[in-house]
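Participant: task: produce atomic coordinates for the following.
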Amino acid sequence: MDLIFYFGDERERQLPQFLERLGYAVKGLGASSPVLEAIQGQNADLIVIDGRINSELVDLCTFFRAQESTREVPIVCIAPEHQRTLDVFESFERVEVVPSPLSVGTLASRIATQLRLRKAAGLSNERSSLAEINAALRDHNTRFQKDLEEARSIQQGLLPKQLPSDPRFQIAVSYQPLEQVGGDWYFVDFPNHKHLRLHIADVSGHGLPAAFIGSMAKLAMVAAERERPDELLSVMNKYLAPQLPSGRFMTMGTCLYDPATGRVQWARAGHGPALILSRASNEVTQLLGNGFPLGFVTEASYELIEHTLEPGDSLLLYTDGVTEAQNRDMQQFGVERLSAALSAAPSKGGSGEVLRSIVDAFTTFLEGRLLKDDVTLMLLRREE
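Facilitator: You can find the predicted model right below:
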């Protein structure tokens, strides 16, 4: 967002408000403001001097051209009739005079033109001032942050707005993206309250590219129109493989659950095995299955694994941000520690308490070490 210094009457807000509606950030300064003190520590992109109120146009232009921070900043002067023809303005570079009575359309056009010229000069001139360079960097950072927020909003829209609820099962999810937008992705739905579908995925890399590929994967999943996990992955791979850039891929695990019988159908595309906790034995079993990550080859097949959850049993899905995380001794958390944390979780209470216990064990293991990857866990428990 471009920053404009407006010099006029501090009681005059109509023009600054007009500039703000155009998308500019405006710092209004009245005649009583100490000019040097007001501009210190700020890098303006443009200065507007309202000569209808502040008649010292020439003195102010001379002052700004003498300051290092504003020497190259364009100035737009709104000049009353008796001042706009003064030859002295021709001695200043990057000073634009807009005659009064004022046309707001003309003023907006002159401001936009001066800002475009300034940005072009700032990007191409190796001798640009520090203020010009800082302004260009600020513009790039503002645009990047805006793009990042939009990408985050899009990615959040791809996640389920709420988890399905049914007396026959409980679901809990822990989702911790490393950055504002992440490469991990999950989805849960319960169409027609018949079969519960759970999906968890991990795109290679982080940030905007990974989030974009995650969005592509959601679209591919919907377009595949397959319910059985192995068939779903196979069709998704056909859609994604020709589109992903070289070196990009996505691991994914997908599960189809029948709450009436407890039957689990599972398939994975290069993803970590699902974990099953048996309440009767308190033992953890791994659901494996073969299959390349999505995007490696155009034609790929995936193995279907089946299992039946008994009442009280739990199914845990996760991304490798959990198992590959390291503590200060450079030891990985790993599938075995994750299995032990699942087994040690309280048997009483809801799925959310079980998942919090696992996350607490994971956090304790890290010993304060920062994460280097997105972390996602999803727990399904069959009720009585």
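
Participant: ranges for the strands of the stretch 1-150 of the chain?
Facilitator: 3-8, 25-30, 46-50, 75-79, 95-99 (DSSP state E, counting those that start in this stretch).

Participant: centre of the chain to the last one, how far?
Facilitator: If you compare the mean C-alpha spot of strand 95-99 with that of the full chain, they lie 41 Å apart, counting by Cα atoms, centre = their mean, to the nearest Å.

Participant: now swap in stretch 211-230 and tell me
Facilitator: 20 Å.

Participant: so who does residue 175 touch?
Facilitator: Residue 175 is in contact with 159, 184, 186, 375-376, counting by Cβ atoms under 8 Å, 6 or more residues apart in numbering. C-beta here means a position set from N, CA and C on the backbone, and glycine is covered the same way.

Participant: quick check, it in a strand?
Facilitator: Yes. According to DSSP: H, G, I helix; E, B strand; the rest coil, residue 175 belongs to a strand.

Participant: so what's it bridging to?
Facilitator: residue 376 (DSSP bridges).

Participant: do you know how far it is from residue 66?
Facilitator: Look at residue 175 and residue 66: by Cβ to Cβ, to the nearest Å, they are 55 Å apart.

Participant: on that earlier part again, and residue 229, which of the strands of the stretch 1-150 of the chain is closest to it?
Facilitator: Among these, the nearest to residue 229 by Cβ to Cβ is strand 25-30 (51.1 Å).

Participant: what's the average pLDDT for stretch 255-272?
Facilitator: Stretch 255-272 shows a mean pLDDT of 95.

Participant: residue boundaries of the helices in this protein?
Facilitator: Secondary structure of the chain (DSSP state H): helices at 14-21, 35-39, 57-66, 104-124, 130-158, 207-224, 229-240, 320-323, 334-344, 351-366.

Participant: quick one: list the elements packing against the first one.
Facilitator: With contacts defined as 3 or more Cβ pairs under 8 Å, 6 or more residues apart in numbering; DSSP states H and E, helix 14-21 has these neighbours: strand 3-8, strand 25-30, strand 46-50.

Participant: quick one on the thing from earlier: save the contacts of residue 175 as TSV, and put in neighbour count, pLDDT and distance to residue 358 too.
Facilitator: As requested, the contacts of residue 175 are exported to TSV (neighbours: other Cβ atoms under 10 Å; pLDDT from 0 to 100; distance: Cβ to Cβ, whole Å):
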residue	neighbour count	pLDDT	distance to residue 358
159	15	77	20
184	26	83	16
186	22	90	16
375	22	89	11
376	24	92	12
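
Participant: residue 325 is in contact with residue 334, correct?
Facilitator: No. In this structure residue 334 lies outside contact range of residue 325 using Cβ atoms under 8 Å: 9.2 Å.

Participant: what about these two, which has more around it?
Facilitator: residue 325 (22 against 15; other Cβ atoms under 10 Å).
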